[in-house]
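Chemist: one predicted model, sequence on top.
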Amino acid sequence: MDDQNKNLIIATALSFVVILVWFVLFPPPEPETPIDGTVASQSTPAEGTLATPSADVPAANPTSTVSTETAPSALDNAARVTIETPRVSGSLSLLGGRIDQLSLNDYRTSLEEDATIVEILFPANEANAQYALHGWAAAAGVDPTAVPGPNTLWELASGDTLGTASPVTLRWDNGAGLIFSKEIAIDDEFMFTITQTVENTGSAAASVAPYGVLARHGMPPDLKNFFILHEGVVAMTDGEYSETDWKDMPDFEFNQRAGARTKEQNITENGWIGFTDHYWMSVLIPTQGTAFKSVAKYDERRDIYQTEAVSPVQTVEPGQTITNTTQFFAGAKEWDVLKAYEEGGVYNFIDAIDWGWFSFLTKPIFWLLHHLNLLIGNMGLSIIGLTLFIKALLFPLAYKSYVSMAKMKELQPKMEKLKEEAGDDRQKMQQGMMALYKKEKVNPAAGCLPILLQIPIFFSLYKVIFVTIELRHAPFFGPFQDLSAPDPTSIFNFYGLLPWGTPEVGSVMALVFIGILPLLLGISMWLQQKLNPAPTDPTQQMIFAWMPWVFMFMLGSFASGLVVYWIANNTITFTQQYLIMRSQGYKPDLLGNIKGSFGRKPKAEPKK
């Protein structure tokens with residue numbers, strides 16, 4: 001086996017092994033479960049006690065908390081305020097002033113015509129409950145009943161519908177000299193702004209701390225449970241991004257005072273905390289530049305997951321008023337929206353997207369893909385354009401590689417002569433080869449580099465395609481209307497010509513009866529191989545013969561956008577290699593090599 005073929009085999013085998021291990025250990029996730037709030041297998045969780053968080057940052061150390069039970073009927077009977085903007089719709093409850101019902105008008109649970117709108121917030125008396133509460137915690141010396149709690153029934157002081165130009169104000173008088181008000185506004189995207197005030201009309205000072213709470217009853221029913229994706233708590237605290245999976249929260253250390261398992265972050269001045277799903281996110285955002293403490297909490301008795309953002313204690317003197325303004329994001333993790341909020345002051349908000357360990361690659365890859373899509377208007381064509389850009393970027397390296405490969409072909413007769421002269425003396429043969437490479441200025445390892453460089457790019461693009469919402473339901477053409485999903489076509493129904501459906505995605509049948517894109521992938525890899533004659537070594541022949549078809553079936557259940565990239569990459573590589581090798585005086589016998597792969601192999605003569 002000559003060094004050129006050996007290096008090519010090693011590089012290709014490395015790529016194969018890495019992708020095979022990835023595929024086996026972390027198979028593509030199951031199809032997305034519709035998020036419509038109706039989970040047949042999960043009973044409606046009972047409303048539990050949601051304690052007002054303790055307000056002990058940065059100086060005070062109150063010991064009192066409020067814990068009250070809310071009957072489901074209380075939520076049913078409480079008045080609600082409609083939320084209506086072009087992008088979201090829902091309502092908030094006057095019981096606790098909780099934002100607990102929100103749908104994303106621009107997103108459907110599937111591509112079906114009758115698919116329901118995606119819902120991300122649900123009242124506490126419904127399955128899959130998730131909601132946000134904002135209020136004031138009583139500090140030391142203040143009666144906990146003197147501050148509004150989760151079950152306080154607020155009155156609507158102004159406004160009747162919460163819209164982009166119409167905030168609403170809630171009001172509650174504790175009857176003991178403190179008047180609480182809460183103005184809730186929403187912008188034209190997914191950001192709520194909550195401005196809370198406390199007016200002291202009494203004769204004694206009161207110390208209270210503003211807080212925000214995001215609660216979720218039980219784990220989400222539609223978890224992907226996929227290695228490449230984080231779902232659970234996300235937090236940003238002064239430049240440190242942290243993630244906690246849902247399944248890890250019950251392992252928090254038990255906090256006796258909080259009555260739950262908690263994980264507290266350091267006191268910080270910039271950041272946010274909340275929950276993230278695959279494409280949707282809900283996070284609490286205190287005023288940036290002011291101290292706050294973020295807490296993740298799990299109440300195992302009531303199976304409630306909770307995040308809190310608690311601001312410092314403030315004292316309101318008689319005749320004075322104090323104010324606190326925070327934000328609450330609930331919506332889709334759209335890159336341009338998060339970027340705009342980050343530029344508007346929300347610290348490192350773009351990192352709420354799960355870029356992964358290779359963010360130095362995934363971020364620029366997505367940035368380029370996103371802007372190509374804005375220019376072209378078709379995500380499939382944008383992926384092809386991205387492939388062209390990457391290949392152009394790597395072209396100098398590819399040029400050297402293919403020139404080296406062409407020279408290696410020219411040296412083939414001399415290499416064969418060296419082998420004959422060396423006989424069984426491997427050391428003499430290696431020394432002769434190295435001298436020949438040096439004389440002809442050929443690097444036999446140059447052909448491996450372009451292949452090896454494709455591995456991190458491949459995985460980074462896979463991450464981008466899987467986690468970013470811009471690829472969700474992104475159309476290409478014809479049957480390819482969701483580039484984040486596997487190829488929907490199948491040879492099972494002859495790609496739509498026969499009147500029956502395709503096998504269920506993720507099933508063995510779907511793996512066997514592949515679609516059009518994986519088939520094109522296999523053919524493109526096979527044609528790329530045929531630029532060179534088949535190796536004489538039987539082991540190499542077998543590996544090269546099977547590799548395109550193994551990859552074809554392996555990648556058949558991956559996101560179709562990734563397969564589009566691979567096909568485009570193979571096609572461009574084939575063209576580059578063919579033209580560069582011809583420019584160096586070596587003319588690949590493509591048709592001859594193809595015919596040779598179908599010809600009968602001569603039988604080996606029996607040994608005498």
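Modeler: Yes, it's here. Since this is a predicted model, take the numbers as computed values, not measurements.

Chemist: surely residue 259 meets residue 297?
Modeler: No. Assessed by Cβ atoms under 8 Å, residue 259 is found out of contact with residue 297, at 9.4 Å. Using the backbone N, CA and C atoms, a C-beta is placed for each residue, glycine as well.

Chemist: return the distance of the residue most central in space within the chain relative to residue 545.
Modeler: In the chain, the residue lying closest to the centroid (Cα atoms, centre = their mean) is residue 467, at 2.4 Å. Noted for residue 467: a distance of 36 Å to residue 545, by Cβ to Cβ, to the nearest Å.

Chemist: just give the nearest non-adjacent residue to the residue nearest to the centre of the chain, would you?
Modeler: In this structure, residue 467 finds its nearest non-sequential neighbour in residue 354, 4.9 Å apart by Cβ to Cβ, 6 or more residues apart in numbering.

Chemist: quick one, grab the pLDDT at the one you found.
Modeler: We note a pLDDT of 91 for residue 354 in this prediction.

Chemist: can you pull out the helices in the stretch 451-600 of the chain?
Modeler: Using DSSP state H, counting those that start in this stretch, the helices of the stretch 451-600 of the chain run over 508-512, 516-529, 538-554, 560-583, 590-598.

Chemist: what's the angle from the third one to helix 516-529?
Modeler: In other words, helix 538-554. Interaxial angle of helix 538-554 relative to helix 516-529 (axes from the mean of the first three to the mean of the last three Cα atoms, to 10 degrees): 160 degrees.

Chemist: next, the buried residues of helix 538-554.
Modeler: Buried residues in helix 538-554, defined by neighbour count with 16 or more other Cβ atoms under 10 Å: 540, 543-544, 547-549, 551-552, 554.

Chemist: centre of the chain to that helix, how far?
Modeler: Here helix 538-554 is found 32 Å from its chain centre; the criterion is Cα atoms, centre = their mean, to the nearest Å.

Chemist: got the domain ranges for this structure?
Modeler: 72-109+116-352, 364-598 (automatic domain parsing).

Chemist: dump these into a markdown table; add distance to residue 358 as well.
Modeler: Conversion of these to a markdown table gives the following (distance: least, Cβ to Cβ, whole Å):
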| stretch | distance to residue 358 |
| --- | --- |
| domain 72-109+116-352 | 11 |
| domain 364-598 | 5 |
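
Chemist: return the most buried member of those.
Modeler: The highest average neighbour count among the domains of the chain, using mean count of other Cβ atoms under 10 Å, belongs to domain 72-109+116-352 at a mean of 19.

Chemist: hang on, the earlier thing: distance of the residue nearest to the centre of the chain relative to residue 365?
Modeler: 12 Å.

Chemist: swap in residue 251?
Modeler: Distance from residue 251 to residue 365, by Cβ to Cβ: 34 Å.

Chemist: ok, now residue 237?
Modeler: Between residue 237 and residue 365 the computed distance is 27 Å (Cβ to Cβ).

Chemist: for residue 441, same thing?
Modeler: In this view, residue 441 and residue 365 are 35 Å apart by Cβ to Cβ.

Chemist: partners of residue 299 in the sheet?
Modeler: On the basis of DSSP bridges, residue 299 is bridged to residue 304.

Chemist: can you list the weak-confidence ranges in the stretch 51-200 of the chain?
Modeler: Applying pLDDT under 70 to the stretch 51-200 of the chain flags the ranges 51-73.

Chemist: those helices in it, which residues are they?
Modeler: Counting by DSSP H, counting those that start in this stretch, the helices of the stretch 51-200 of the chain are 72-77.

Chemist: repeat for the stretch 251-400 of the chain
Modeler: Going by DSSP H, counting those that start in this stretch, the stretch 251-400 of the chain shows helices at 335-343, 359-376, 379-393, 395-410.

Chemist: next, residue 140: phi, psi?
Modeler: phi -60, psi 140 (degrees, to the nearest 10).

Chemist: quick check: it vs residue 545, distance?
Modeler: From residue 140 to residue 545 the distance is 77 Å (Cβ to Cβ).

Chemist: now do residue 564
Modeler: Taken as Cβ to Cβ, the span from residue 564 to residue 545 is 25 Å.

Chemist: on that earlier part again, as TSV, the helices of the stretch 451-600 of the chain with distance to residue 322 and mean pLDDT would be great.
Modeler: Formatted as TSV, the helices of the stretch 451-600 of the chain follow (distance: least, Cβ to Cβ, whole Å; pLDDT from 0 to 100):
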stretch	distance to residue 322	mean pLDDT
helix 508-512	60	69
helix 516-529	60	90
helix 538-554	61	79
helix 560-583	51	88
helix 590-598	78	72
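
Chemist: JSON lines for those, including distance to residue 293?
Modeler: Converted to JSON lines, the helices of the stretch 451-600 of the chain look like this (distance: least, Cβ to Cβ, whole Å):
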{"stretch": "helix 508-512", "distance to residue 293": "48"}
{"stretch": "helix 516-529", "distance to residue 293": "50"}
{"stretch": "helix 538-554", "distance to residue 293": "47"}
{"stretch": "helix 560-583", "distance to residue 293": "41"}
{"stretch": "helix 590-598", "distance to residue 293": "67"}
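
Chemist: which one of those helices lies closest to residue 484?
Modeler: helix 560-583 (6.5 Å; Cβ to Cβ).

Chemist: show me what that closest one is packed up against.
Modeler: On a contact count with 3 or more Cβ pairs under 8 Å, 6 or more residues apart in numbering; DSSP states H and E, helix 560-583 meets helix 379-393, helix 395-410, helix 449-467, helix 516-529.

Chemist: worst mean pLDDT among these?
Modeler: helix 395-410 (a mean of 75).

Chemist: for the helix or strand following that one, name the packing helices and strands.
Modeler: Toward the C-terminus, helix 395-410 is succeeded by helix 412-422 as the next helix or strand (DSSP states H and E). Helix 412-422 sits against helix 426-440, with contacts defined as 3+ Cβ pairs under 8 Å, 6+ apart.
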